[in-house]
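1. Pasting the sequence and the predicted coordinates here, then a few questions.
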Amino acid sequence: MAQQANHPLPGGHKLEEYTIDRQLSLGGFSIVYLAKNTEGMQVAIKEYLPNSLALRGKGDIKPVISEDHLGAFRYGMKCFFEEGRALAKLSHPNVIRVLNFFRANETVYMVMEYERGQTLQEFIHRHHGHVSERFIRGVFTRMLNGLREVHSHKLLHLDLKPSNVYLRADNSPVLIDFGAARQTLASDQPVLKPMYTPGFASPEHYGSRKDLGPWSDIYSVGASMYACLAGVPPLAADERLKRDTLTPAMVRWEGQFSDRLLEIIDWCLNLNHLYRPQSVFALQKALVADIHPPKNTPKDGWIGRFVNKFRSPSR
Amino acid sequence: MRFTIYQDSLKGGRENNEDRTTYCYSRDALMMVIADGMGGHHHGEIAAQIAVQSFANAFQGEAKPRLGDPFLFLQNGMKNAHRAILDYALSHRMGDSPRTTCVACVIQDNVAYWAHAGDSRLFLMRNGRVFAQTKDHSRIRLLVEEGLVSEAQAAHHPDRNKIYSCLGGPATPEIDFSRKTPLEHGDVLLLCTDGLWGVTSGEMMAVTLKEANLLQAMPMLMAQTEIKAGPHGDNLSAVAVRWEDNYVEALSSVISTQTMAMDEVTTRLDEFGRNPSYKSELSDEEIEAAIEEIRTAIDKYNPKK
């Protein structure tokens, strides 16, 4: 059966105390709307509506869920609840805030703060190849504050990537889309369908997933930083496990960014999770410690570069 | 039929697990079997596997969907398992045949029937107390019955593991049968090997399982027993069922056999008893509960400005 896109709720539609304005984004599992509450405050409403299981025709309000799909639909709802549970417990300026959660139209809705701005993904696209070190350090240090909060609640984000980092007008980052977040302690639950993005997902995402931990999110942080420099995501971890052709940041951008930053990126992107920073705190510490801006070394031949490296050790 | 069922087997401090468990049910009948391969003889796990396998096969063949005579079924099951073990020993030229204890229980029309050989036990628990239990075919049990040793002494008696009836031995097994026992709503039937009852007493387990969710309480009970038994503890296994009457609100873990076809049989037989992963459907109540939980968390952590 061909994949049909779900039709969004029409503008002006009343949903509890909110009025739908327009659709913000459409994903495989959900639709996000911009809406206003009764006081005129703008909010983002995420509607659980998996494409393959529930179908809403043009002009309809309630989606059609066939009898065979009801089980799977409800099962997926668990994941949606998981996201709600994860977010509801967090209150941090760098993590998206959940304002409300309700059930309507046979499905469930999560109301979140609406942030004006752009995703880091959009930013990278716009500034292709010209993202400054200062920007990277600034955004990631603050984003890691949010991630630390997430980890301190025994949660893992598990789907960190530039398109899940939202930048406000002042470039302060907000973590969004916790659709893959899981309570790390609830390991006895049946494993929910894995969700990850190639390039940003850690090697542990592909295996038995029993090794998932803070270091897995840290791999994704490293991959996101790598993507900031490269403009495109790094090679997917499963490909790297077969044959690692990823050029280390240290080799690829030597001299253009500080050695320390490039080292950190390579550190986060270690395939062996034990060799990565083991906690966000460790990574943050490294990121804010001794900043050595790259020296403007005159471009001489490869022998000169080689000799230079020995003459002035970077640290 | 409506019931909650749980089975698991832990290795304890041993190198391999010689316990075997199974349960099968059709629309109208439920069967549970547990077998403890005897360590003193070679290949106890083979004897145990043959015993549960033979019971499972018999049930699959006969329960369509009812068993004609549950007692006859149990008797034939025990005898056939015994012979199957001897045949196996003969065809594999084993000098000493492998042996196993065995307890089997059938529930049909809300009535329980059971039979056993050896020292694996069945406990019927009602309102947090042991209502009925099997009598081990062990020397120590005889001594206790004759009043020569007390229950407390029996727990540490050097002869406590010696049994005089088992499947697979040279002598015809002595098999004890229960009476027809009508079940009440909430009754728990627990079949277990000595690795479990030898460490945690039946009374203790009855208290633990009183009004508890078996799927939560049993893993805990088994894990605690395994720890208590220490690094040299025996294998421990259990099949436990909580009998639910028809008027109980639907719980996700309750099994209803009303929709099963007349000739359909569902079997759970673990090769080496590993973690069952229960699938649970999300009911309307659970959805409401989840939403309520999230809303409470929002109010708690992100109070409205």
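-> Happy to help now that I have it. The structure presented is a predicted model; accordingly, all values stated were derived computationally and were not measured. Numbering: from 1, shown residues only, chains lettered A, B, ... in the order given.

2. Disregarding residues adjacent in the polypeptide, which is nearest to A:Y196?
-> In space, and not counting its chain neighbours, A:Y196 is closest to A:H205: 4.6 Å by C-beta to C-beta, 6 or more residues apart in numbering or on different chains. (C-beta placed from N, C-alpha, C; glycine too.)

3. A:F281 too?
-> A:R148 (6.5 Å).

4. Report whether the one you found is found in a helix, as I expect.
-> Yes. Under DSSP: H, G, I helix; E, B strand; the rest coil, A:R148 falls within a helix.

5. And it, how close does it get to A:A201?
-> Relative to A:A201, A:R148 is positioned 21 Å away (C-beta to C-beta, to the nearest Å).

6. Among the two, which residue is more densely surrounded?
-> It is A:A201, of A:R148 and A:A201, that has more neighbours when counted by other C-beta atoms under 10 Å in any protein chain shown, with 24 against 17.

7. Next, count neighbours for residue 22.
-> Using chain A here. 12.

8. hmm, I had chain B in mind actually
-> 24.

9. shouldn't it be in contact with B:T266?
-> No. Counting by C-beta atoms under 8 Å, B:T22 stays clear of B:T266, with 11.5 Å between them.

10. Show me the residue at the heart of chain B, geometrically.
-> Nearest residue to the geometric centre of chain B (C-alpha atoms, centre = their mean): B:V239, 2.5 Å.

11. and that residue, what pLDDT?
-> The model reports B:V239 with a pLDDT of 95.

12. May I have the strands that pair with the host helix or strand of it, each with its orientation?
-> Assigned by DSSP states H and E, B:V239 belongs to strand B:236-244. Using DSSP bridges, strand B:236-244 pairs in its sheet with strand B:2-10 (antiparallel), strand B:188-192 (antiparallel).

13. Could you export the first one as CSV, CA atoms only?
-> In other words, strand B:2-10. C-alpha atoms of strand B:2-10 as CSV (Å, rounded to 0.1, in the frame of the first residue of the first chain):
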residue,chain,number,x,y,z
ARG,B,2,-9.1,-16.9,33.4
PHE,B,3,-5.7,-17.0,35.1
THR,B,4,-2.3,-15.3,35.5
ILE,B,5,0.6,-17.6,35.0
TYR,B,6,4.3,-17.4,35.5
GLN,B,7,7.2,-19.8,35.0
ASP,B,8,10.9,-19.4,35.3
SER,B,9,13.9,-21.5,36.2
LEU,B,10,17.2,-20.2,37.7
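
14. and that strand, how far from the chain's centre?
-> Its chain's C-alpha centre and that of strand B:2-10 lie 7 Å apart, by C-alpha atoms, centre = their mean, to the nearest Å.

15. quick one: average pLDDT of that strand?
-> 91.

16. next structured bit after that strand?
-> strand B:19-25.

17. Could you list every helix and strand in contact with that following strand?
-> Other helices and strands packing on strand B:19-25, by 3 or more C-beta pairs under 8 Å, 6 or more residues apart in numbering or on different chains; DSSP states H and E, are strand B:2-10, strand B:29-37, helix B:44-62, strand B:236-244, strand B:266-269.
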